[in-house]
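>>> the following block contains a protein sequence and its predicted model.
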Number of protein chains: 2
Amino acid sequence: MPRRIVVVGGGAAGMSAASAARRTDPEADITVLESGPFPSYGVCGLPYYLSGVVESAESLVAYPASEFRDRRRIDLRLEAPVESIDLAGGVVVETGGDRHRYDALVVALGAAPIVPPIPGADDPRVVVVRRLEDAIELRSRLDGVSSAAIVGAGYVGLEMAESLHARGIDVTVVDRLPRVMTTVDPVVADLVEAEVRRHCRLLLDAALESIEPAGSGGVAAPGLRLTCGEQTLDVDLAVLALGVRPSTALVPSLQALPNGALLVDERMRTSDPRVFAAGDCIAVHHRVLDGPAYVPLGPAANKTGRTAGTVAAGGDARFGGVVGTAVVKVFDLTVAHTGLTLEEARGRGMPAEATDVTAKSRAKYYPGAEPILVRLVHEPGGRLLGAQMAGRDGVAQRIDVIATALQARMGVGDLLGLDLAYAPPYSPVYDPLIQAAQAVRVKERA
Amino acid sequence: MPRRIVVVGGGAAGMSAASAARRTDPEADITVLESGPFPSYGVCGLPYYLSGVVESAESLVAYPASEFRDRRRIDLRLEAPVESIDLAGGVVVETGGDRHRYDALVVALGAAPIVPPIPGADDPRVVVVRRLEDAIELRSRLDGVSSAAIVGAGYVGLEMAESLHARGIDVTVVDRLPRVMTTVDPVVADLVEAEVRRHCRLLLDAALESIEPAGSGGVAAPGLRLTCGEQTLDVDLAVLALGVRPSTALVPSLQALPNGALLVDERMRTSDPRVFAAGDCIAVHHRVLDGPAYVPLGPAANKTGRTAGTVAAGGDARFGGVVGTAVVKVFDLTVAHTGLTLEEARGRGMPAEATDVTAKSRAKYYPGAEPILVRLVHEPGGRLLGAQMAGRDGVAQRIDVIATALQARMGVGDLLGLDLAYAPPYSPVYDPLIQAAQAVRVKERA
């Protein structure tokens, strides 16, 4: 009898799992149940599809369904939401009826946007952008939108702000906190805030309390009125970007973090021996914290999917975890971070310090040289905990050097010795990262 | 009595040494003897000054002489060539007379371009570009130049080709070898060659034999005629870019590699206990070869200078070596490498293999995504030996990830687990480096 593998969720993690399972076991019966109309696509590309930087929705889809169905012989079922999962019986029940018995189950249900329980959140002009179908629907009606509020100034909110601004829409970003992007420390967030304010209005310390039709008070143009503390905001559209939570309500008995993110080992095994999990519904091992953390990002979704599928199909694979690396484009600024912020490290009781330098991205005399703010987060003895960077040039791959150093457990002293590539169009002779490590050294000696 | 430190050579290494010595010992007498008119400047910027990308020669000079003389209290003597060094007596003799007794000597004499012993090499229209004064003189007469030969298709020759081409000069690059850039393997050099041919003529397998005035054969316009094997080439100017050799003729008794590069330990101590050396005149420790190698590049010149100066002044510092990282801009292509090439590794008897992938620099749907060729050089068991890359986008800092991995002695398997930054404008979800590591894995399993 061939092994029966069922994958619930056909996003990046689910399709990676199904494909890896096929490579591992050419004989297995592999079924994927995806609630939406598209298999695996680039969720991170949605803002660029909305803005028009990416022309067609199809280009975001990694492979057509036929690739999975015909070439990889995966029974990919689209628009096939799951109603229940019977872990004891080993059965997944599709909404509407079909039952799928499994020898191994991969839970790849992803995450869903948080929608606050406030009046008016169900207005059709209040949207979230998580799925490709959301983005297609929204783009189709952007021509009628001249003003929009983005609720939430995290990285998704800021990408959406850039995206709608690029469509000529008057954008206001609203956040209940006094700052943008809590994934970086305030000194870096300040640069991000300044960049946002160059293009959009930004209301901070402004918690969204209610949304109501703006016409209801006698105003002629139909719109939305957002009430955020003392302030009101009249717009045509509101985009909620308040973060996501793991979609794990179907498997409540599996061990999970308090937010619902499933706990898995390095082979993506859950607390049920027949069940694996991957992608945005799991907690991953964080190498710097040396424990599980919820950091739902694309690369780990793909890698954990591949690992889960391989192991579910009887192969061996491991996922060593993340160090917490991310990069985001906020208008013309690139913001990147890896490891822990100073706030995170101190919040966990670590004796952390931060050292900041601003250095040029290229030789100072070379055109296009731009300042990069580099923050290193470290312990007094030189243990490296993380880094953050912001700048208009040369940021994205520089953070990867620190991500690599963190994985290798290098200290700040090791950074000083890095043999980094130098040529005037690409770097100063002392790379910004080395300048940052030198600043730590100078501080230690003072 | 204050310590007397003499530094011969006022380039990047020498001025770094003098400055580090001052920081280490505020009381020392520090003298720098520099043969040319400028202290430390960006040698690597010379092609960009020649092309006009960098407007002024002054912008290449890191600090004015007054910074060293007044603020750092260094007796910086410009246009002060050294005639001899008496290691036994501990005295440096300036050409013309002044004698400088030292307690510690830092040899930072740099390197000089190789000029082949062929007829005509002394013609004033045959130039090398090594010093800022060379570049200033050459730029002043480029208006009268409509055609030029670059002899040598290594990275300096190719930078010069780009530079002169940018001035509207008709450029021919000549090399005695059948290929360009021997610092990368042929598969990468082929991409470089194609890029050069998009802009210049390229004559390979063409050893320069003689240079003669082109007017001598009855031709009216005064010019140069280069004879390269069977071929002749008539140009207004010839630039020799045949590499450099260490300028260590003044210290023949110090231990050195056969090419004259001084051997030093990690504190930059030479075989003479009072003598330190730094910069382009030394061999540095190559971490991948685990031995000395001659790789004269800017970052190591600065770092070894700083180390030598610190130790010469009684402090402690170490330079751990290089992994052989370099990047060069060749017209619109960026070419980078670190560690060993396949040719180098096999030449040393290592059981090396190479794995090549071509991957996009950004998400495939994001504008500006360009292919990057990534070659990983590795041993069968997964030991990483080096990498090479070429592409039009996102190459320069990606090589630094591999440089960091080499320093950390990571294997190919560790690369698979790297948590690299992902966002569509900067990377595909599986970074090109990870795709390359995946290709190694696939090959191993085949």
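It's in.
>>> and the helices in chain A?
A:12-24, A:46-51, A:65-66, A:132-140, A:155-166, A:186-197, A:298-312, A:342-347, A:396-407, A:412-416, A:432-445 (DSSP state H).
>>> grab the nearest non-local neighbour of the residue nearest the centre of chain A.
The structure's chain A has its C-alpha centroid closest to A:Leu297; by CA atoms, centre = their mean the separation is 3.8 Å. Once flanking residues are discounted, A:Leu297 sits nearest to A:Ala326: 6.0 Å by CB to CB, 6 or more residues apart in numbering or on different chains. All C-beta atoms are positioned from the backbone trio N, CA, C, and that covers glycine.
>>> and the pLDDT for the residue in the stretch 201-350 of chain A that chain B sits nearest to?
Nearest residue of the stretch 201-350 of chain A to chain B (CB to the nearest CB) works out as A:Val327 at 3.7 Å. pLDDT for A:Val327: 98.
>>> list the residues that contact it.
A:Thr334, A:Val335, A:Ala336, A:Val395, A:Ala396, A:Ile399, B:Ala421, B:Tyr422, B:Ala423, B:Tyr426, B:Ser427 (CB atoms under 8 Å, 6 or more residues apart in numbering or on different chains).
>>> return the set of residues that bridge with it.
A:Ala336 (DSSP bridges).
>>> pLDDT weak spots in the stretch 51-200 of chain A?
Filtered on pLDDT under 70, the stretch 51-200 of chain A yields no residues whatsoever.
>>> which one of the residues in it is closest to chain B?
For the stretch 51-200 of chain A, the residue closest to chain B is A:Ser59, as judged by CB to the nearest CB, at 4.1 Å.
>>> is it true that that residue touches B:Tyr365?
Yes - using CB atoms under 8 Å, A:Ser59 is in contact with B:Tyr365, at 4.1 Å.
>>> the two: which is more packed in?
Neighbour count, other CB atoms under 10 Å in any protein chain shown: between A:Ser59 and B:Tyr365, B:Tyr365 has more, with 24 against 17.
>>> distance check, the more buried one against chain A.
4 Å (CB to the nearest CB, to the nearest Å).
>>> who's in contact with that residue?
By CB under 8 Å, 6+ apart, B:Tyr365 lies in contact with A:Gly42, A:Gly45, A:Tyr48, A:Val54, A:Ser59, A:Leu60, B:Pro424.
>>> can I get the helices of chain A in TSV with distance to chain B and mean neighbour count?
Output for those, formatted as TSV (distance: least, CB to the nearest CB, whole Å; neighbours: other CB atoms under 10 Å in any protein chain shown):
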stretch	distance to chain B	mean neighbour count
helix A:12-24	7	27
helix A:46-51	6	24
helix A:65-66	18	14
helix A:132-140	12	17
helix A:155-166	8	25
helix A:186-197	14	19
helix A:298-312	5	28
helix A:342-347	16	18
helix A:396-407	3	27
helix A:412-416	7	21
helix A:432-445	8	19
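>>> can I get those helices in CSV with distance to B:Ala277?
Output for the helices of chain A, formatted as CSV (distance: least, CB to CB, whole Å):
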stretch, distance to B:Ala277
helix A:12-24, 53
helix A:46-51, 53
helix A:65-66, 65
helix A:132-140, 61
helix A:155-166, 49
helix A:186-197, 41
helix A:298-312, 45
helix A:342-347, 41
helix A:396-407, 29
helix A:412-416, 20
helix A:432-445, 22
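>>> relative to B:Met389, which of those helices is closest?
B:Met389 lies closest, by CB to CB, to one member of these: helix A:396-407, at 11.1 Å.
>>> residues contacting the nearest residue to A:Ala249 once chain neighbours are set aside?
Excluding its sequence neighbours, the residue lying closest to A:Ala249 (CB to CB, 6+ apart) is A:Gly260, at 7.5 Å. Contact analysis of A:Gly260 by CB under 8 Å, 6+ apart lists A:Arg245, A:Pro246, A:Thr248, A:Ala249, A:Cys281.
>>> can you turn the buried part of these into a ChimeraX selection?
The ChimeraX selection below is limited to those of the contacts of A:Gly260 classed as buried (16 or more other CB atoms under 10 Å in any protein chain shown):
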select /A:245,246,248,281
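>>> and which of the contacts of A:Gly260 is nearest to A:Thr358?
A:Arg245 (36.6 Å).
>>> and the closest one, what are its bridge partners?
In this entry, A:Arg245 is beta-bridged to A:Ala112, by DSSP bridges.
>>> re earlier: dump the contacts of B:Tyr365 into CSV; add distance to B:Gln255 as well.
Below are the contacts of B:Tyr365 laid out as CSV (distance: CB to CB, whole Å):
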residue, distance to B:Gln255
A:Gly42, 57
A:Gly45, 58
A:Tyr48, 59
A:Val54, 60
A:Ser59, 61
A:Leu60, 61
B:Pro424, 54
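>>> thinking again about what came up before, the residue nearest to A:Leu297 is in contact with A:Thr183, isn't it?
Yes - checked against CB under 8 Å, the pair A:Ala326 and A:Thr183 is within contact range at 6.8 Å.
>>> more neighbours: which of the two?
Counted by other CB under 10 Å, A:Ala326 and A:Thr183 do not tie: A:Ala326 has more neighbours, with 22 against 19.
>>> so A:Gly279 touches A:Gly11, yeah?
Yes - with contact defined as CB under 8 Å, A:Gly279 reaches A:Gly11; the gap is 6.3 Å.
>>> those two: which is more packed in?
A:Gly279 (34 against 30).
>>> ok, for that one, nearest residue in space, not its chain neighbours?
Using CB to CB, 6+ apart, the closest residue to A:Gly279 is A:Ala13 (2.6 Å).
>>> isn't that neighbour right up against A:Gly110?
Yes - between A:Ala13 and A:Gly110 there is a contact under CB under 8 Å: 7.2 Å.
>>> who touches both of these two?
The overlap between the contact sets of A:Ala13 and A:Gly110 (CB under 8 Å, 6+ apart) consists of A:Gly279, A:Asp280, A:Cys281.
>>> tabulate these (a markdown table), appending pLDDT and distance to B:Asp98.
Shown next, in a markdown table, are these (pLDDT from 0 to 100; distance: CB to CB, whole Å):
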| residue | pLDDT | distance to B:Asp98 |
| --- | --- | --- |
| A:Gly279 | 98 | 73 |
| A:Asp280 | 98 | 72 |
| A:Cys281 | 98 | 76 |
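>>> hmm, A:Ala62 is touching A:Tyr41, no?
Yes - if you go by CB under 8 Å, A:Ala62 and A:Tyr41 touch, sitting 6.4 Å apart.
>>> any common contacting residues for those two?
Here A:Ala62 and A:Tyr41 share the contacting residues A:Ala12, scored by CB under 8 Å, 6+ apart.
>>> which one of these two has more residues nearby?
When A:Ala62 is set against A:Tyr41 and neighbours are counted by other CB under 10 Å, the residue ahead is A:Tyr41, at 25 against 19.
>>> enumerate every residue touching the more buried one.
A:Gly11, A:Ala12, A:Leu60, A:Val61, A:Ala62, A:Leu132.
>>> rerun at 10 Å
By CB atoms under 10 Å, 6 or more residues apart in numbering or on different chains, the contact list for A:Tyr41 reads A:10-12, A:15, A:49, A:57-63, A:131-132, A:135, B:365.
>>> next: A:Ile118.
Going by CB under 10 Å, 6+ apart, A:Ile118 touches A:Val126, A:Val151, A:Ala207, A:Leu208, A:Glu209, A:Ser210, A:Ile211, A:Leu226, A:Thr227.
>>> 8 Å instead?
Each residue near A:Ile118 by CB under 8 Å, 6+ apart is listed here: A:Leu208, A:Glu209, A:Ser210, A:Ile211.
>>> repeat for A:Ala363
Each residue near A:Ala363 by CB under 8 Å, 6+ apart is listed here: A:Ala369, A:Pro424, A:Pro425, A:Ser427, A:Pro428, A:Val429, B:Gly42, B:Cys44, B:Gly45.
>>> what's the local residue count around the nearest residue to A:Thr183 once chain neighbours are set aside?
Excluding its sequence neighbours, the residue lying closest to A:Thr183 (CB to CB, 6+ apart) is A:His337, at 6.1 Å. Number of residues near A:His337 (other CB under 10 Å) recorded here: 27.
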